[in-house]
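[1] Coordinates only, no sequence provided:
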Ligand SMILES: [Fe+2]
Ligand SMILES: [Fe+2]
């Protein structure tokens with residue numbers, strides 16, 4: 001922990017750490033949702049969807065890395081027990097019970113939209129008090145916006161396949 005770095009954030013530092021930990025829970029759940037989704041997905045454009053899901057999984061893990069580094073810098077305790085993922089998550093976990101490609105894409109789009117709101121809130125909360133966390137939230141949000149767009153693009157391609165015949 002950097003003492004001056006923590007001090008800089010002021011009396012809301014524990015609140016910031018709490019937001020970071022909640023987002024950390026989201027990222028791990030998102031990582032697993034993408035990763036397991038990429039293994040089980042079936043249906044048209046399966047290969048392309050699988051590749052996209054794997055890429056997103058890697059991004060979510062990278063986001064977890066960014067968050068945990070910031071939590072430690074601020075002297076916080078990162079989530080140590082996976083049981084806490086479901087307790088702290090903002091966006092929940094949508095088990096891909098139905099492996100059909102469209103269903104998996106829709107579930108992940110919902111997750112991305114929730115992630116965008118979460119980072120938006122983190123940015124609002126940290127804007128004035130913690131420029132470093134603000135920048136991390138912005139960097140992650142950029143990816144989440146891209147993820148949503150990628151997934152919606154795949155849904156569009158799937159829809160367009162109907163017109164091939
Ligand atoms: Fe993420
Ligand atoms: Fe994402």
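    Perfect, thanks for sending it. All figures in this text were calculated on a predicted structure; none of them were measured in a lab. Ligands and ions are numbered 1, 2, ... in the order given.
[2] Enumerate every residue touching the residue in the chain that ligand 2 sits nearest to.
    As assessed by CB to the ion, ligand 2 sits closest to residue 147 within the chain, at 3.8 Å. In short, each C-beta sits where N, CA and C put it, glycine included. Residues counted as contacts of residue 147 (CB atoms under 8 Å, 6 or more residues apart in numbering) are 56, 59, 108, 112, 115.
[3] Would you mind listing what in the protein touches ligand 1?
    Taking CB under 5 Å from the ion as the test, the list of the chain residues beside ligand 1 reads 27, 60, 63.
[4] Would you mind measuring from the first one to residue 46?
    Meaning residue 27. Note on residue 27: its distance to residue 46, by CB to CB, to the nearest Å, is 25 Å.
[5] same deal with the last one?
    The span separating residue 63 from residue 46 equals 26 Å under the rule CB to CB.
[6] quick one, which of those two is more surrounded?
    residue 63 (25 against 13; other CB atoms under 10 Å).
[7] Centre of the chain to the helix or strand where the more buried one lies, how far?
    Here residue 63 sits within helix 46-73, counting by DSSP states H and E. Relative to the centre of its chain, helix 46-73 is centred 7 Å away, using CA atoms, centre = their mean, to the nearest Å.
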